[in-house]
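Enquirer: one predicted model, sequence on top.
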Amino acid sequence: MPAYCQNLHHEVELGVLLGRRVQAVPEAAAMDYVAGYALCLDMTARDVQEECKKKGLPWTLAKSFTASCPVSAFVPKEKVPDPHALRLWLKVNGELRQEGKTSSMIFSIPYIISYVSKIVTLEGDLILTGTPKGVGPVKENDEIEAGIDGVVSMKFKVKKSEY
């Protein structure tokens, strides 16, 4: 939690790791470039984000700070037969805050890869795919536990940065 933040929010997401160089790939071939998956937490300094929005500024300070995106161990794609059939969850101090299935994502993984690869060449990149409902605040010393059922999980405490 950056020192300049008073309202930090959690967003659990499936991360898709691309293992080969990909540029403007069609959806039908997009999954061929996936090396694996990870559980990701997109932490957002919500108060900073709101201030940036009001001023028409980029959200860099709200989304890009030390430890702004904890990432689990990577899971090879062979260990995830269907990435569109996963259950993601997040608890804060033992209370379930977020729960969702990748089958409910607005955009499919092939669509996301295809779309992003038309804008920027990808190679070894990690794409976050979106968060289920239940995004909410955390505070210093809260314990966050998150997981993808049967695949991977992680746990840590929220610490306030000196900077």
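Expert: That came through fine.
Enquirer: isn't Ala28 right next to Ile113, touching?
Expert: No - the criterion here is Cβ atoms under 8 Å, and Ala28 misses it with Ile113 at 11.1 Å. Any C-beta I mention is one placed from the backbone N, CA and C, and that applies to glycine too.
Enquirer: and the two? which has more neighbours close in?
Expert: Comparing Ala28 with Ile113 by other Cβ atoms under 10 Å, the one with more neighbours is Ile113, at 27 against 9.
Enquirer: so how far is Glu78 from that one?
Expert: Ile113 sits 18 Å away from Glu78, taking Cβ to Cβ, to the nearest Å as the criterion.
Enquirer: is the closest residue to Pro76 other than its chain neighbours in a helix, a strand, or coil?
Expert: The shortest distance from Pro76 to any residue other than its chain neighbours is 4.6 Å, reached at Gly36 (Cβ to Cβ, 6 or more residues apart in numbering). Assigned with DSSP: H, G, I helix; E, B strand; the rest coil, Gly36 falls in the strand class.
Enquirer: phi first, then psi, for the nearest residue to Val22 once chain neighbours are set aside.
Expert: The spatial neighbour of Val22 that comes closest, neighbours along the chain excluded (Cβ to Cβ, 6+ apart), is Tyr33 at 4.4 Å. Main-chain torsions, Tyr33, degrees, to the nearest 10: phi -100, psi 0.
Enquirer: ok, now which ones touch Tyr33?
Expert: With Cβ atoms under 8 Å, 6 or more residues apart in numbering as the criterion, the residues that contact Tyr33 are 18-20, 22, 25, 113, 122.
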